[in-house]
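Student: this one's sequence-less:
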């Protein structure tokens, strides 16, 4: 590919394969954090002004499939907020695993050029599709960090951050 | 670029410009979180088993320039852990801003093909340079999530996650 080729694309600094591998590593870590919670604390323990970790993970479970579907299809749908919350850890993990499977299956169907397309996923946001994907990946990391704080409060040693 | 061109590169799903813009947005949010802390709590308030947010940010400040230098040069250096910690919010912010400037300046010097090179940044880690960069970006998001929890405990409304 010549430097002067007018049809040349920017050199990739990320591939969808590396992004998926990276994201699945985060999913494995988040799953370990969910599992580390005592059952009774998962939907109960919280810091005032924040939600219990189980409620947060439920929101992540609802959003992730919609985000990846929007990336794949260009049709962005967002939850109404009235989805039934799981009542326990087992059901939360089942839905978490289903969301992970959707991520793994659908992300591989997104044509590579689609990631750099500027889209309007929500409200007045205007950004490349990859930025929307990273936003929701970061959102999971952000909330998981809060989960670490909860675990420490509960006297539970959280999983190692570097282990994926 | 033909599908059958053996020299074809994978279609980029991220450019270094988008990555830098994304990262600088996170830096702005982290800076707002630091500023939101009451001065006396920044280096003192903590959950047992965790460090005060000021100490965590000091670590981020020490690591970030080394990470970006490693990405740029292939020479990975890591802190000895004995760097003098700032004593107050102003000094912490000064060093935070210096680290952000290093990120902004150096990331733009990294040749695009370097991001996909498999390197050995630390210990037995073997991964594309972009994965190492994302690891440390994620590390900041993770710890900032803990900062949000501290702020809530202190009765301070944290900055909006979506504002960058």
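Tutor: Alright, I've got the coordinates. A quick note: this is a predicted structure, and the numbers were derived from the prediction, not measured. Numbers count the residues shown, from 1 in each chain, chains lettered A, B, ... in the order given.

Student: just for chain A, where's the confidence low?
Tutor: A:1-9 (pLDDT under 70).

Student: just checking, what's the longest helix in it?
Tutor: helix A:129-153 (DSSP state H).

Student: Leaving out sequence neighbours, find the closest residue to the most centrally placed residue in chain A.
Tutor: For chain A, residue A:137 is the residue whose C-alpha lies nearest the centre (C-alpha atoms, centre = their mean; 4.1 Å). The spatial neighbour of residue A:137 that comes closest, neighbours along the chain excluded (C-beta to C-beta, 6 or more residues apart in numbering or on different chains), is residue A:23 at 5.7 Å. (C-beta placed from N, C-alpha, C; glycine too.)

Student: Residue A:14 now?
Tutor: Excluding the flanking residues, the one nearest residue A:14 by C-beta to C-beta, 6+ apart is residue B:14, at 3.8 Å.

Student: ok, now which ones touch the one you found?
Tutor: Residue B:14 makes contacts with A:12-14, A:19, A:115-116, A:130, B:130, as judged by C-beta atoms under 8 Å, 6 or more residues apart in numbering or on different chains.

Student: Tell me the spacing between it and residue B:59.
Tutor: In this view, residue B:14 and residue B:59 are 26 Å apart by C-beta to C-beta, to the nearest Å.

Student: Also residue A:138?
Tutor: In terms of C-beta to C-beta, residue A:138 sits 19 Å off from residue B:59.

Student: And for residue A:72, the neighbour number?
Tutor: When counting by other C-beta atoms under 10 Å in any protein chain shown, one arrives at 18 neighbours for residue A:72.

Student: What are the buried residues along the one helix or strand it maps to?
Tutor: Following DSSP states H and E, one finds residue A:72 within helix A:53-73. For helix A:53-73, a neighbour-count test (16 or more other C-beta atoms under 10 Å in any protein chain shown) marks A:53-68, A:70-72 as buried.

Student: in terms of contact count, name the helices or strands touching it.
Tutor: helix A:16-36, helix A:89-107, helix A:129-153 (3 or more C-beta pairs under 8 Å, 6 or more residues apart in numbering or on different chains; DSSP states H and E).

Student: Need the winner for burial among those helices.
Tutor: helix A:129-153 (a mean of 22; mean count of other C-beta atoms under 10 Å in any protein chain shown).

Student: I'd like to check the angle between it and helix A:16-36, please.
Tutor: 20 degrees (axes from the mean of the first three to the mean of the last three C-alpha atoms, to 10 degrees).

Student: quick one, helix A:129-153 and helix A:89-107 angle?
Tutor: On the basis of the same axes, to 10 degrees, helix A:129-153 is oriented at 160 degrees to helix A:89-107.

Student: and the angle for helix A:129-153 with helix A:53-73?
Tutor: Calculated by the same axes, to 10 degrees, helix A:129-153 forms an angle of 170 degrees with helix A:53-73.

Student: from chain A, which residue is nearest to chain B?
Tutor: Nearest residue of chain A to chain B: residue A:145, at 2.5 Å (C-beta to the nearest C-beta).

Student: ok, and the closest non-adjacent residue to that residue?
Tutor: Distances taken as C-beta to C-beta, 6+ apart put residue B:145 closest to residue A:145, at 2.5 Å, once the chain neighbours are dropped.

Student: from memory that neighbour sits against residue A:138, does it?
Tutor: No: Residue B:145 lies out of contact with residue A:138 (C-beta atoms under 8 Å); the separation is 9.6 Å.

Student: how much space between the residue nearest to residue A:145 and residue A:158?
Tutor: Taken as C-beta to C-beta, the span from residue B:145 to residue A:158 is 12 Å.

Student: one step back: check contacts around the residue of chain A closest to chain B.
Tutor: Per C-beta under 8 Å, 6+ apart, neighbours of residue A:145: B:141-146, B:148-149.

Student: let's see it at 10 Å
Tutor: By C-beta atoms under 10 Å, 6 or more residues apart in numbering or on different chains, the contact set of residue A:145 is A:33, A:158, A:161, B:138-149.

Student: How about residue A:84?
Tutor: Applying C-beta under 10 Å, 6+ apart to residue A:84 gives the contacts A:58, A:91.
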